[in-house]
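Engineer: need coordinates for the following:
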Amino acid sequence: MALENPQPSLQSLSALFPLTLPVPTPLTHPDLVTPKDLHREEDLLRNPSSFRLWWTTINATKDAIVAEQKKAQPTLPPAVTALLGPLATPVSRLGLQRLTYLYESALAHFPASFKLWKAYLQMRCLYVLGKGIKPKRAGGRKKWADMKESIADEELEMEHYDGGLDPALGWAEWKALIATFERALMWLPTMPRIWLLYFNIFTHPLCPAPIQCTHARRTFDRALRTLPPSLHARMWPRYLIWAELKSGMTTVVIYRRYLRVDPSLTEHYVRILLNEPPFTDDETVDSKPVVVPPPRSKPRPLEAAKLLLSLARKASRGEYISSEGKSPYQLLLAWLEVAERYADEIGLEPTLAEKRRAERAKREEQEQRLKEEVQNPKDEERASAEGNLIRFAGPPVRETATVEKPYDEDEDPASDVTLDVEGIVKQDGLDVYKDQAGRIWSGLATYWTKRGEFDRAKATFEEGLESVLTIRDFTQIFDAYAEFSESVISALMDSLADEDNEDEDIAQTEKELDVRMKDFEELMDRRPFLVNDVLLRRNPNDVQEWEKRVALWADNDEKVAETYTNAIKTINPRKATPNFHNIFVHFAKFYEVGGVTSSATSDLESARRVLESGTKIPFRTVDELAEVWCEWSEMELRNEWISSIGFDSRSEVLTHRFPRNYDEAIRIMQRATAIPKNVKINYHDQTLPVQARLFKSLKLWSFYVDLEESIGSVDSTKMVYDKILELRIANAQIIINYAAFLEENNYFEESFKVYERGVELFTYPVSFEIWNIYLSKFVKRYGGTKLERARDLFEQALEKCPEKFCKPIFLMYAKLEEEHGLAKRAMGIYDRATQVVEDKDKFEMFTIYIAKATENFGLPATRPIYERALEVLPNRQTAQICLRFASLERKLGEIDRARAIYAHASQFCDPRVDPKFWAEWNSFEIETGSEDTFREMLRIKRSVQAQFNTAASYLVAQAEATRLGAKEQQDTPAAAADPMAAVEHEAGKAKGPAFVSAGASSAENQETTGVANADEIQIEDDDF
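Structural biologist: Numbering: from 1, shown residues only. Below is the predicted model:
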């Protein structure tokens, strides 16, 4: 039928359809077959069973129709063309009928051909649904993808349709298409591709209303019932996407069905219930992804909260792994956020919640009691398969049989019972995730705030601040608490600014505002105390935090005393941080000075009781206990005069000058240092209490002896020192102090005995210091009056003295002999010293020895010393001593001996490392030598240089010496090209005779060679 009216009516347009029902044939539609198609029809009639012929005919007809459609121009208005879609032209409508005729005829002979049905259905969808545009994507689909990824892939690959037949205008054609799909599924019910093509109709934007809901849902269900389970994974993504588009109870029911099989989409389902945007895929595509319209139903927060709670509990038990990579805590936090947003819809009334918690606690107590009875049976026997008892109501149950988890309405999404949010938070949140207490407490308080329960929110904040253990959690709760208080105050102030309020309401609001402001100020003032509480809860044995707590109370004496008392009761001495004794010391001083500000009366009795209790505490170290005793004694020293006089206040006593009485301080130290019967206790034995090891505390005895020296008698002080030595706990300083004390009181011999006891107690290097002081004191005291005794002491000191410590003693010994003894003995001591001291000190010792020998016996007496030094000293120091030895021989006029010494020392001196030695020898030869001796010196120099060039170790030393001595070498005059010029330069600087010729005639007759010698000396005739 042609549309000649340029503005056709709705009836005329509707009359065009259906085009394919009944199936068009040449009898009903003469235009289907043209004279050109007669040969084709004859061939099909002759060979109806040839699939290839049918397929070729259909494709040829399809190509011809496409070519005609491209040439055809629409004659209808654009609005009508948009309504008709692909069927807007007569050519397209006739093409649909021709292709339908051919496909139906072919299917009559091949009704079970999937290829034919698929092409037929795609052709019918093209004319009804419009042209499908399938987006392109990079890469292929994952082979074994989970449902979340499958849904994302389906959304990205879902076809978009360009145009389409209006559902109201072409309702008959839509029904004909549905009927065609039903016929195809009757022949091919297990072909998933046919079902997927069928599902495209239900997600089409122009899908008619009668088939887009109930019919679609039944079709999806029929596909799941028909197809095997292995193909359900291809159906469910389309089904779930369609369910999201429909929203409402349809989405809820379908998702509940799927989650029974696969709970991995629970988190996605929760977002749908809360009207949140669906998850997105980061995969890029060439075209725009499918945009899912927002749900049209209201949120279902209760069901979402129960699902999240169930997931969080399962994840904490290890029964569920989040498909989105969330941890159990993150799942619980998501549940808490839902409870914060929808507090009224989710939460139970506070009174009902308390009642439910009480019932649950009672039920759990009964279950625990029954469990204990089962685990510890008395005389009863349980019914089991191997037991003697028989179970009449059901099969026997084994002892190891697992009991299913009881029903929990908090995890049932189908239940309408609201949740006890506070109980769940404490049971599943605070008891499990203790390291995230700050966020959980803040969430619970926010929940009460959203419900309007401000008093409960405040109580929740306070409870959280009193229970957290970390500063991070405390900061979260405190900041949320402060923000909550500010918001409430701001709301009350806005309410006061409203002019419509009545006077009574304004007065009540002002009163509440004053209370809120006061609470907020107190909260800010309490912050340091709350922080301190957190740190003390984390470690109640932290002494430093208790001290900070005391400092926070400032001038409040009552709270300070209470804090000290609580600290002493709370701190475990074996786990306390260092300086636990300071708690007792400072507490006692608090009573001693009369409070923090010293405004109260001094209470020495309370201070003594505190220190007395401190002496009984099992501290970790003995030094802490010793500190308590020492502080107690010092307190008595500071206050002994007040108690002895009997005045109440310090001010009255200060007006009178009475002598002090230190007996109490001495008695305290006597108590502390009481020696038990068994003195063989190991001071470092940690298994023994510190009180049992206190008598070996050197710190305590040192304080005691200092106290005796200050206020005691000489005899009492000597007694204390003797006890220290008897206990063998003295160190070198105690020995020295004891001896010095005796010396001050003119007990010289006893002080020397103390020194002798000290050197017996200690070994080197400690005894060296004692010997050093002892010998110096003895020599200073007696000088040469007790020379033999002094010699014995020195010999004793040197008997076991190591090499590194004997040098000062030898020098002191030699000095004694020089001043009070014989010079010969002094030289013998120096000689012994050169043999005993360390190698690094031998050069210095020889130097002193030579100087003393020169002073006492003259220069010739030093020759044997020099000779022995050359044998003993290392190479580098040998060169130095040789220079001094040669200088000595020159002074004595022994030129040949000096030259021999230079020659001996040359083997240790590399010319490039020790240029000073060769310069001095060179000067020596110029002043005292001859041409032959000078030549010999140069020959030796070349041979030594060649010798050192072969040693790798000397090469390194040579490079270092060259680097260090570069500046010094630059200061010396550069060597001339002519060696004689250098000789003349040195001769000009010399003060003595310039040169002594050995053979003038030989120089005249000497002939020069053709090869120049760098070291050859050219001597002119004028020089003789």
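Engineer: what's the nearest residue to D420 if we skip its chain neighbours?
Structural biologist: A353 (4.3 Å; C-beta to C-beta, 6 or more residues apart in numbering). For every residue, glycine as well, the C-beta is placed using N, CA and C.
Engineer: confidence score at the one you found?
Structural biologist: A353 carries a pLDDT value of 84.
Engineer: mind checking the SS state of it?
Structural biologist: helix (DSSP: H, G, I helix; E, B strand; the rest coil).
Engineer: do Y161 as well
Structural biologist: strand.
Engineer: go ahead and confirm it touches G130.
Structural biologist: Yes. Taking C-beta atoms under 8 Å as the definition, Y161 is a contact partner of G130 at 4.1 Å.
Engineer: just to revisit the earlier point, could you measure from the residue nearest to D420 over to H581?
Structural biologist: Using C-beta to C-beta, to the nearest Å, A353 is found at 50 Å from H581.
Engineer: so the two - more neighbours on which side?
Structural biologist: H581 (26 against 18; other C-beta atoms under 10 Å).
Engineer: the more buried one: what's it in contact with?
Structural biologist: 614, 619, 624-625, 627-628, 631 (C-beta atoms under 8 Å, 6 or more residues apart in numbering).
Engineer: nearest spatial neighbour of it, skipping sequence neighbours?
Structural biologist: Nearest to H581 is E624, by C-beta to C-beta, 6+ apart, at 4.1 Å.
Engineer: helices or strands next to the host helix or strand of the one you found in the packing?
Structural biologist: Element membership for E624 (DSSP states H and E) is helix 622-645. Applying 3 or more C-beta pairs under 8 Å, 6 or more residues apart in numbering; DSSP states H and E, we find helix 622-645 packed against helix 581-593, helix 604-614, helix 650-654, helix 663-672, helix 690-693, helix 698-711.
Engineer: mean pLDDT lowest where, among the ones you listed?
Structural biologist: Lowest mean pLDDT within the helices and strands packed on helix 622-645: helix 650-654, at a mean of 41.
Engineer: beyond the longest helix along the chain, next helix or strand please.
Structural biologist: In the chain, taking DSSP state H as the definition, the longest helix is helix 503-538. Proceeding N to C from helix 503-538, the next assigned helix or strand is helix 543-552, under DSSP H and E.
Engineer: give me the buried positions along that next one.
Structural biologist: By 16 or more other C-beta atoms under 10 Å, the buried positions in helix 543-552 come out as 543, 545-547, 549-550.
Engineer: any residues touching that helix, and which ones?
Structural biologist: 528-529, 532, 535-536, 539, 560, 563-564, 567, 571, 576-580, 582-583, 586.
Engineer: so what does whichever helix or strand comes after it touch, helix or strand wise?
Structural biologist: Counting by DSSP H and E, the next helix or strand C-terminal to helix 543-552 is helix 557-570. Applying 3+ C-beta pairs under 8 Å, 6+ apart, one finds that helix 557-570 makes contact with helix 543-552, helix 581-593.
Engineer: alpha carbons of the helix or strand where L308 lies, as CSV, please.
Structural biologist: Using DSSP H and E, the element containing L308 is helix 301-316. Provided in CSV are the C-alpha atoms of helix 301-316 (Å, rounded to 0.1, in the frame of the first residue of the first chain):
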residue,chain,number,x,y,z
PRO,A,301,18.9,0.5,53.5
LEU,A,302,17.8,-2.1,56.0
GLU,A,303,18.3,-5.0,53.5
ALA,A,304,21.6,-3.4,52.3
ALA,A,305,22.8,-3.1,55.9
LYS,A,306,22.0,-6.7,56.7
LEU,A,307,23.8,-7.9,53.6
LEU,A,308,26.9,-5.9,54.5
LEU,A,309,26.8,-7.1,58.1
SER,A,310,26.6,-10.7,56.9
LEU,A,311,29.5,-10.2,54.5
ALA,A,312,31.6,-8.5,57.2
ARG,A,313,31.0,-11.4,59.6
LYS,A,314,31.7,-14.0,57.0
ALA,A,315,34.9,-12.3,55.9
SER,A,316,36.1,-12.0,59.5
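Engineer: quick check: mean pLDDT of the following helix or strand past it?
Structural biologist: Beyond helix 301-316 on the C-terminal side, the first helix or strand identified by DSSP H and E is helix 328-341. Across helix 328-341, pLDDT averages out at 93.
Engineer: re earlier: out of the buried residues of helix 543-552, which is nearest to S49?
Structural biologist: Comparing those against S49 with C-beta to C-beta picks out E545 as the nearest, at 97.8 Å.
Engineer: gap between that closest one and E844?
Structural biologist: 58 Å.
Engineer: what does P48 give?
Structural biologist: Taken as C-beta to C-beta, the span from P48 to E844 is 129 Å.
Engineer: the helix holding L308: how far from the chain's middle?
Structural biologist: In this view, helix 301-316 has its centroid 32 Å away from the chain centroid, taken as C-alpha atoms, centre = their mean, to the nearest Å.
Engineer: next: stretch 898-910.
Structural biologist: 67 Å.
Engineer: and stretch 496-508, by the same measure?
Structural biologist: That offset, for stretch 496-508, works out to 55 Å (C-alpha atoms, centre = their mean).
Engineer: contacts for it, please.
Structural biologist: Contacting residues not belonging to stretch 496-508 are listed as 495, 509-510, 513 [C-beta under 8 Å, 6+ apart].
Engineer: can you do 6 Å?
Structural biologist: T509 (C-beta atoms under 6 Å, 6 or more residues apart in numbering).
Engineer: check the separation of the first and last residues in it.
Structural biologist: One end of stretch 496-508 to the other measures 10 Å (C-alpha to C-alpha, to the nearest Å).
Engineer: which parts of the helix or strand in which A900 is found are buried?
Structural biologist: According to DSSP H and E, A900 maps onto helix 895-906. Buried positions in helix 895-906, judged by neighbour count with 16+ other C-beta under 10 Å: 895, 897-899, 901-902, 905-906.
Engineer: which residues touch that helix?
Structural biologist: The contact list for helix 895-906 (C-beta under 6 Å, 6+ apart) reads 879, 882, 885-886, 889-890, 921, 928, 940, 944.
Engineer: do that again at 10 Å, thanks
Structural biologist: 863, 866-867, 870, 875, 878-892, 894, 909, 914, 917-918, 920-922, 924-925, 927-929, 933, 936-937, 940-941, 943-944 (C-beta atoms under 10 Å, 6 or more residues apart in numbering).
Engineer: looking at these, which are in strands?
Structural biologist: Using DSSP state E to define strands, no part of these is located there.
Engineer: whichever of the residues you listed end up buried, select them in ChimeraX.
Structural biologist: In ChimeraX, a selection of the buried entries from the contacts of helix 895-906 looks like this (16+ other C-beta under 10 Å):
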select :863,866,870,878,879,880,881,882,883,885,886,888,889,890,909,914,917,918,921,922,924,925,927,928,929,933,937,940,941,944
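Engineer: show me the contacts for I773.
Structural biologist: Contact analysis of I773 by C-beta under 10 Å, 6+ apart lists 732, 735-736, 739-740, 755, 758.
Engineer: ok, back up a step: quick check: which of the helices and strands packed on helix 622-645 is nearest to V432?
Structural biologist: helix 581-593 (36.1 Å).
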